[in-house]
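Q: sequence and predicted structure are below.
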Amino acid sequence: MNHNADDGLGLVREAASVLAGYGSSLGPLAPWHESRDPYSWTVAELLLRRTNRVAASRAFADLTTAYPDWASLAGAEREVVAERVGWAGLRNQRSKQLVRLADAVVEEHGGELPGELEALRALPGVGPYIADAIRLHVLDQPALPVDGGVQRVLRRVMGLPIPSATRGSTPYRDGPVTAARAVIVSGRSAAELRAIHLGLLSISWGVCIKTTPRCGECPLRPHCVVGQRAGGGAVRAV
Ligand code: SF4
């Protein structure tokens with residue numbers, strides 16, 4: 001069956017309703033999900049960049065135990081921070097980013113993360129994904145953070161191939177995914193979007209995995225082009 005862009009966005013709309021219910025039944029999926037603490041969320045999202053969730057979770061625990069707030073991280077020696085996160089493959093660049101960000105929050109914002117999108121994006125290392133995550137989960141503003149995993153789920157729902165990272169279609173430069181994000185965010189509260197985001201994370205981490213999506217176990221299957229093709233079982237990735 002051929003699907004056009006309108007069909008794809010219609011499926012996204014249906015999937016979002018399912019995700020709102022599914023996500024609200026989930027508990028925290030990661031240690032930083034247990035609070036709305038701006039420091040925890042920002043550090044965690046920086047650690048997650050190009051790092052798997054298990055390694056990022058362990059590095060998060062080490063780092064926030066040693067440096068529990070912006071002020072302690074801002075005063076840290078970069079080499080010591082690098083030692084703490086180095087085992088997770090986060091050694092040089094990430095430790096530099098963490099300390100630079102903490103410096104900026106302390107020096108430019110008096111130790112408080114700013115609440116406006118423009119000011120958030122002006123902070124070192126804060127791209128559109130981290131800014132959306134902070135807006136949604138910390139500042140209670142309507143937004144939907146889209147990382148590579150969420151991009152994969154949304155593209156499969158719409159029946160679109162997964163772009164290769166080397167071809168440069170990052171989530172915030174992906175036209176169909178940007179349209180899907182707008183459809184999901186439109187008219188929804190931050191609380192509903194938080195549930196949808198948790199649902200998308202859970203599915204991208206556990207079911208709609210890169211190589212072989214397990215469509216038979218996925219609540220989105222009736223609203224997903226790839227899931228409909230799969231019938232009841234797993235399918236090869238598209
Ligand atoms: S039905 Fe399959 S392809 Fe669609 S979102 Fe779920 S796991 Fe992914």
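A: Noted; the coordinates are in hand. Everything numeric here is computed off the predicted structure, so don't read it as measured data.

Q: what's the burial count for residue 158?
A: If you count neighbours by other C-beta atoms under 10 Å, residue 158 ends up with 24. Using the backbone N, CA and C atoms, a C-beta is placed for each residue, glycine as well.

Q: show me the contacts for residue 77.
A: By C-beta atoms under 8 Å, 6 or more residues apart in numbering, residue 77 lies in contact with nothing.

Q: so for it, what's the pLDDT?
A: Here the pLDDT value assigned to residue 77 is 86.

Q: next, it: phi, psi?
A: phi -70, psi 130 (degrees, to the nearest 10).

Q: show me the contacts for the residue nearest in space to the middle of the chain.
A: What sits nearest the mean C-alpha location of the chain, by C-alpha atoms, centre = their mean, is residue 147, with 4.6 Å. Neighbour list for residue 147: 48, 129, 171, 204 [criterion: C-beta under 8 Å, 6+ apart].

Q: quick check: closest non-adjacent residue to residue 217.
A: residue 207 (5.4 Å; C-beta to C-beta, 6 or more residues apart in numbering).

Q: same check, this time on residue 79
A: Nearest non-adjacent residue to residue 79, counting by C-beta to C-beta, 6+ apart: residue 95, 7.9 Å away.

Q: how far away is the one you found from residue 78?
A: Residue 95 sits at a distance of 5 Å from residue 78 (criterion: C-beta to C-beta, to the nearest Å).

Q: ok, those two, which is more surrounded?
A: Set residue 95 next to residue 78 and count neighbours by other C-beta under 10 Å: residue 95 wins out with 22 against 14.

Q: and that one, what helix or strand is that in?
A: Per DSSP states H and E, residue 95 falls inside helix 92-109.

Q: and for residue 136?
A: Under the criterion of DSSP H and E, residue 136 resides in helix 128-137.
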